[in-house]
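In: Sequence below, structure please.
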Amino acid sequence: MGKYLLKRLLYSAFSVIVAIAIIMVLVYSLMPRKYIFMADPLFSKQLNNQKEVYMHQKWEEYGYLDYVPYTDYLTELVRQGTITDEVRNSVSNIARTESADSANVKEYVKKFTEYYESKGYNVIRLNAKMQTSTKVLTGGQQQLFAYKDNSLLMRMFNFFTKLVTIDNIHYVDKTIDIGKRGISFTLYDPVYQVYNADGSIAKKKFSPAIMGNGTRHKYLLYFNDKFPFIHQNLIKIGFGKSYSIEKGIDVFDSMTRSQGSYVMSGLTYPTGLSEQSAEDLHSATFLYGSRESLPAITARFSDDYTQVATIRSSPSRVGYSFTIGILATLIAYILALPIGIFMARYKDRLFDKIGTFYIVFITAVPALAYIFLFRAIGGLIGFPTTFILDPPRAVWLYYVLPIVSLALRPIAGLMRWSRRYMIDQMNADYVKFARSGGLSENEIFVKHIAKNASIPIVHNIPGEILFAITGALITERVYVVPGAGGLLISAINAYDNSVIVGMALFYAVLTVLSNILGDLFMAFVDPRISFTTKAR
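Out: Numbering: from 1, shown residues only. Got it, this is the predicted structure:
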């Protein structure tokens, strides 16, 4: 068994890497990179030379290329001690045209050009665009920069190496003085203590936590009263940052963070300040110099661990999708399996014919059609047809139509396959031998036929559970469910390539996991199935 699992995992990992590599080639090579600005509201506001600079800056941010402005080159020379600040200031401003540069500027522009061209960069100089002989057009200022496209192999390497990151005490730059770096353990999490007006602790509350200094996150592990009760920031999964859908937010965070309105509660900050707030202090991350930027931050935080997320009232995208998906799956199995069994047992009778009609109808009619039909019927009855965050009435009402709509097709599929497997088993030779041995029809049906017919059906159970996390594309779009299903569609429409690649990896991993777990389930149900190789 162990050898089989290792082999399957290795093959699966290779398959996932190949699949993601193909998708990255498609979206980063065959799709023009300018498409990523189609959903960028700031792009249309850029004019003349500034638009070209903006594009290269964003392409660098999104991993397409390495972009180096002329001023950054001079700053690096200062850092290396090659030139002084005075020299940098005197040669940093290039003229509106190349011919108008001073002798000193020409010298350093030449050095910049030769240095980066020798490293394979393209050097671009954009002369000023003039409205009149003395007035520069808006955004038309002269520009000088170098850029070099990142290879697809490098992009793939960076993507896979950054999938999982482990926080450590060397995250904060070693040149920054933050006091003693290290990891500490406390039995009394400061977030949950009861404080006096002067900031001293009035009452201690037992709540263990592991905290870090020099790490990206202040809290590496902590407990609270929300499932799964134990939480960690030590190991983080990253699928890549979104360009436009949730700009700057990692795809994994977009899927897993809560939504809806803010949940306010009494909160005491590290400085002792108490107020009503929706901030989650357990999410605090390091941002150098942040305490000096705003007095409000200085009043709340005692160090630069000031970047915090907020607590919201509604589940995450994955939370909504999983809730709807898993309930639809349970309904499908609870209804479809008994119906399929009865259809097989009373083959060609009225009950079987009615069930067959339903199977044919659901299979033949496009999903979008019967979902809209069911949505219209549900709306007439009084059920909400549009899902909203923080609903004004009973939350469960908003789940009814999406769950039932999502369950319609799986019910038909399970009915069909359970009926087929049952009929196949009913005609098997071992059933005839069981009858000749004197077993009753009920004993044969329950002890032999039903058990053997369930084996292939069991294989799909892990896949149904895992894919409940991904959401249903059509159902969630029709009912406006804020789940994970619509994320991929939105990414494709907005040419948000990072989200496309991240979601593709998410789907690929779930697919291979569901296949492996399905095989294990079959082996558990049927002892005749073995994954070990026996010597001959």
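In: remind me which residues of the stretch 401-536 of the chain are low pLDDT?
Out: 441, 446-447, 467, 469-471, 526-536 (pLDDT under 70).
In: Let's see that with 50 instead.
Out: The stretch 401-536 of the chain contains residues with pLDDT under 50 at 535-536.
In: next one: the chain
Out: For the chain, the stretches with pLDDT under 50 are 535-536.
In: Give me the residue at the spatial middle of it.
Out: Phe252 (2.5 Å; C-alpha atoms, centre = their mean).
In: if I look at Ile388, how far off is Gly139?
Out: Going from Ile388 to Gly139 by C-beta to C-beta, to the nearest Å gives 41 Å. Bear in mind the C-beta positions are built from the backbone N, C-alpha and C, glycine included.
In: In terms of neighbours, single out the busier of the two.
Out: Applying other C-beta atoms under 10 Å to Ile388 and Gly139 shows that Gly139 carries more neighbours, namely 16 against 13.
In: Looks to me like the more buried one is in a helix.
Out: No - under DSSP: H, G, I helix; E, B strand; the rest coil, Gly139 falls outside any helix and is assigned coil.
In: For it, list the residues it contacts.
Out: By C-beta atoms under 8 Å, 6 or more residues apart in numbering, Gly139 lies in contact with Gln46, Leu47, Asn48, Asn49, Gln50, Lys51.
In: Filter the residues you listed down to just the buried residues.
Out: Gln46, Asn48, Asn49, Gln50 (16 or more other C-beta atoms under 10 Å).
In: any chance of those in JSON lines, with secondary structure and distance to Arg181 too?
Out: Output for those, formatted as JSON lines (DSSP: H, G, I helix; E, B strand; the rest coil; distance: C-beta to C-beta, whole Å):
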{"residue": "Gln46", "secondary structure": "coil", "distance to Arg181": "42"}
{"residue": "Asn48", "secondary structure": "helix", "distance to Arg181": "47"}
{"residue": "Asn49", "secondary structure": "helix", "distance to Arg181": "44"}
{"residue": "Gln50", "secondary structure": "helix", "distance to Arg181": "41"}
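In: In three-state terms, label His282 for me.
Out: With three-state DSSP as the basis, His282 sits in strand.
In: give me every residue that touches it.
Out: By C-beta under 8 Å, 6+ apart, the contact set of His282 is Val191, Tyr219, Tyr222, Asn224, His231, Asn233.
In: So which of those residues wins on neighbours?
Out: That'd be Tyr219 among the contacts of His282, by other C-beta under 10 Å, with 24 neighbours.
In: residues near Val53, how many?
Out: For Val53, the neighbour count with other C-beta under 10 Å is 19.
In: Same check on the one 3 residues further on?
Out: By other C-beta under 10 Å, the residues close to His56 number 21.
In: Touching, it and Val68? I think so.
Out: No - contact criterion C-beta atoms under 8 Å: His56 and Val68 do not qualify, at 9.7 Å.
In: Can you show me the helices along the stretch 151-300 of the chain?
Out: 152-161, 251-256, 295-300 (DSSP state H, counting those that start in this stretch).
In: Most tightly packed of these?
Out: Sort these by mean neighbour count, taking mean count of other C-beta atoms under 10 Å, and helix 251-256 sits at the top with a mean of 20.
In: just checking, what packs against that helix?
Out: helix 317-345, helix 485-493, helix 497-525 (3 or more C-beta pairs under 8 Å, 6 or more residues apart in numbering; DSSP states H and E).
In: The last one versus helix 152-161: what angle between them?
Out: Taking axes from the mean of the first three to the mean of the last three C-alpha atoms, to 10 degrees, one finds that helix 497-525 is oriented at 50 degrees with respect to helix 152-161.
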